[in-house]
Structures are given as structure tokens and as C-alpha cells.
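Trainee: Predicted structure and sequence below. I'll ask about it afterward.
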Amino acid sequence: MDGDSSGIRLKAIGALTALRGGVDESLVSELLEEVIPDQFLVPAGASAEEVGGAVLDQLSDPLSALVSGFIAAFEALADAYDATGFEPDTELVLQELALRLAREADTD
């Protein structure tokens, strides 16, 4: 990933840090919105399908970098937590979260 991607991954980690630090969610949203292009280049006379493809192509790199930043932050936290030996380990926490979300989805 290039320099822009590194900056976006840092914004993801910064957003998580800010949320855990009690920063207002709207400020965190603004930080994350900075990674989304505010203008898109599309071919002149493009069909709706071509416009959609062009926009998707231009969104995929920043969104991929953002997800990569969230994953890197999670992995670092999970490794640090698991190294403490506390129970439950992160795998069990994730399983419990998945079950809870599945139950919530069933009630929607």
C-alpha cells in the first residue's frame, strides 16, 4: 500500500483511539469522512454502469485501507490482551459477539 493508504490506516487507528478516549462520535465521523473522496472522475458520456464502476474503483482503495487500519488495531489489541492471560481469550469474545449479533439479526 502506498503513503495515502498508510495515512488512512492511521486515521482508522486514531478514530478508535478517540472513541475509547471519549471524543464525541461526530468528530470521529468527520475524521473518517476525510478518507472518502469528495469528487469522483467519471468518463464523459459514461453509462450508469460505467459511472458506478468508476466511483466504486475510486472508493475501493481508501475503504480497503480504512478496513486494514481497523484490522491492524484489532490484531494489536487482541495480541496484547491474549498475552496477559486473562480469560476469556479474544477468540471466545469474538464467538460470543457473533452469537449476540446473530440473535439480534433474528429479531430484526
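Mentor: In hand now; what should we look at? Numbers count the residues shown, from 1 in each chain.

Trainee: so what's the residue sitting nearest the centre point of the chain closest to, chain neighbours aside?
Mentor: The chain has V67 as the residue nearest its centroid, 3.6 Å off, counting by C-alpha atoms, centre = their mean. In space, not counting the residues next to it along the chain, V67 is nearest to A12; the distance is 7.8 Å by C-beta to C-beta, 6 or more residues apart in numbering. In this view, the C-beta of every residue, glycine as well, is placed from N, C-alpha and C.

Trainee: and that neighbour, how many neighbours does it have?
Mentor: 21 (other C-beta atoms under 10 Å).

Trainee: what about the host helix or strand of the residue nearest to the centre of the chain, distance to the chain center?
Mentor: Using DSSP states H and E, V67 sits in helix 48-84. Relative to its parent chain, helix 48-84 has a centroid offset of 5 Å by C-alpha atoms, centre = their mean, to the nearest Å.

Trainee: Report the mean per-residue pLDDT for it.
Mentor: Mean pLDDT, helix 48-84: 95.

Trainee: Name the next helix or strand downstream of that helix, please.
Mentor: helix 90-107.

Trainee: Can you name every helix or strand that that next one contacts?
Mentor: The helices and strands touching helix 90-107, judged by 3 or more C-beta pairs under 8 Å, 6 or more residues apart in numbering; DSSP states H and E, are helix 48-84.

Trainee: what angle separates the helix it packs on from helix 90-107?
Mentor: 140 degrees (axes from the mean of the first three to the mean of the last three C-alpha atoms, to 10 degrees).

Trainee: Name the nearest residue to V51, sequence neighbours excluded.
Mentor: Nearest to V51 is V42, by C-beta to C-beta, 6+ apart, at 4.8 Å.

Trainee: what about the one you found, neighbour count?
Mentor: Neighbour tally, V42, other C-beta under 10 Å: 13.

Trainee: re the thing from before, give the other helices and strands that the helix holding V67 contacts.
Mentor: For helix 48-84, the packing partners by 3+ C-beta pairs under 8 Å, 6+ apart come out as helix 3-20, helix 90-107.

Trainee: Can you point out the buried residues in the last one?
Mentor: Using 16 or more other C-beta atoms under 10 Å as the burial criterion, the residues of helix 90-107 that qualify are T90.
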